[in-house]
Each structure stands twice: as structure tokens, then as C-alpha cells.
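Visitor: The following comprises the amino acid sequence and a computationally predicted model.
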Amino acid sequence: MATRLHAMGQPRYGNGFAPTMHPELLTLPSRWKKPRRVFVNSMSDLFHESIPIAFIEKVFDAISDATWHTFQVLTKRSGRLRSLSERLPWPRNLWMGVTVESIRHLSRIDDLRASGASLKFISFEPLLGSVPAPDLDGIDWVIAGGESGPHARTMAEEWAREIRDACVAQSVPFFFKQWGGWNNKARGRLL
């Protein structure tokens, strides 16, 4: 995928998917005048172990400088998120989320709750197993969906319904993103 992106003229994928920082882009959001929702590092993880704390702090500072935008940060490395949480400035325009693919990763929710983010969300995507009745206390938003792509693993309908039902019971907004699969658009987005 990285090779394909690089071949399509995306020079920032020259290192493949090896963690690569682009500090020259940190001022870009300040130049956008119209408010946007920005998904930070959609194909990487800001809390990857190889990303220096100083760079993460610069990203948070850039978010603080562009208050008219909303920034979404999603991580699977919730332990590092938790360990750095007290050190980071938590701007109100930052939405912090963790990925929970199955019951095996439920501890990420506790790490998210321990963060200083004013808005916390969970992405149950790709949903790879049952997560019955997750505790959503302190969570502001939930996204669920299946895995997409040619080698996608199947998501069972009841797994998504369990999460949706937990959201309804705990008054947490729920968004069903996709069924997943190699042709995920064919099934639509209705749950």
C-alpha cells in the first residue's frame, strides 16, 4: 500500500510505513481558515514507541494553535497514551480515541479514560470479536465497523449489535461505519 501511495505521487510514503515524522506539516492547519475536522495520522499512530515525546508535544501544541478546527487522534498504543497523559496539554478541540478490536483489548478503554482529553471516543473497527456490554462510562462517542480490503476478516452482525445496544443503554452516541469485507459498500451501512 505504501509503495502504491508513493508511486501515485505521495512523497511522504517514501519510507513505506516506517514511522516518519513531518514537522513541516505542523503549521499547515493554522493556514486553513475554514474550520475542518482533521483525522491526525490516519495511517499511523502518534503514540508509536518510536515517536519522540517532544514531537507528540509539538503536535498537541499545533492542535492548540488551531482552535477553529477539531482534531481526532486514534491509537492502539493506549499504554503510552496513559503514561504521557499528564505531561501533555489537552486542548478542547482534540478528540482522543482508542481502537478496541475485541474483548482482548478492553483495557485500552481504561487507558483512554485516564487521559486528559475532553472528548473521548472508541473505535471498534475492525471489530474482530464479541465485546459484550462494554463499560462506556466517561466515553463520548463510539464507532463500530468491519474490516475492509481483500483479506478482510468477517464481522458478525451480533458483535456490532452488542456494542450498539450497550451504547443505547448507556446513552452514548453510536456510529456504524461499515460492514467490511472486500466489497464493503455493497452491504451498505445499516445495522
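Guide: That came through, no problem. Numbering: from 1, shown residues only.
Visitor: okay, CA-based contacts and neighbour counts for the rest of this
Guide: Fine.
Visitor: my read: Ile139 touches Ala117, true?
Guide: No: with contacts counted by Cα atoms under 8 Å, Ile139 stays clear of Ala117, the gap being 10.5 Å.
Visitor: Confirm that Lys120 sits in a strand.
Guide: Yes: under DSSP: H, G, I helix; E, B strand; the rest coil, Lys120 sits within a strand.
Visitor: quick one, what contacts it?
Guide: By Cα atoms under 8 Å, 6 or more residues apart in numbering, the contact set of Lys120 is Trp95, Met96, Gly97, Leu112, Arg113, Gly138, Ile139, Asp140, Trp141.
Visitor: which one of those residues is nearest Ser42?
Guide: Gly97 (12.0 Å; Cα to Cα).
Visitor: Verify the contact between the closest one and Ser78 for me.
Guide: No: Gly97 lies out of contact with Ser78 (Cα under 8 Å); the separation is 9.1 Å.
Visitor: higher neighbour count, these two?
Guide: Higher neighbour count among Gly97 and Ser78: Gly97, with 28 against 24, using other Cα atoms under 10 Å.
Visitor: Just to be sure, the more buried one is in a strand?
Guide: Yes: membership of Gly97 in a strand is supported by three-state DSSP.
Visitor: In the chain, what residue spans correspond to strands?
Guide: Counting by DSSP state E, the chain has strands at residues 37-40, 70-75, 94-99, 119-124, 141-145, 174-178.
Visitor: So for Thr154, which of those strands sits nearest?
Guide: strand 141-145 (10.4 Å).
Visitor: got the angle between that closest one and strand 174-178?
Guide: 20 degrees (axes from the mean of the first three to the mean of the last three Cα atoms, to 10 degrees).
Visitor: Sheet-wise, list the partners of strand 141-145 with their directions.
Guide: Sheet pairing of strand 141-145 (DSSP bridges) gives strand 119-124 (parallel), strand 174-178 (parallel).
Visitor: Where in this structure is the helix or strand with the lowest mean pLDDT?
Guide: helix 2-7 (a mean of 51; mean pLDDT, DSSP states H and E).
Visitor: give me the low-pLDDT residue ranges for the protein?
Guide: The model of the chain has pLDDT under 70 over residues 1-15, 181-191.
Visitor: residues touching Arg164, list them.
Guide: Applying Cα under 8 Å, 6+ apart, one finds that Arg164 lies in contact with Phe174.
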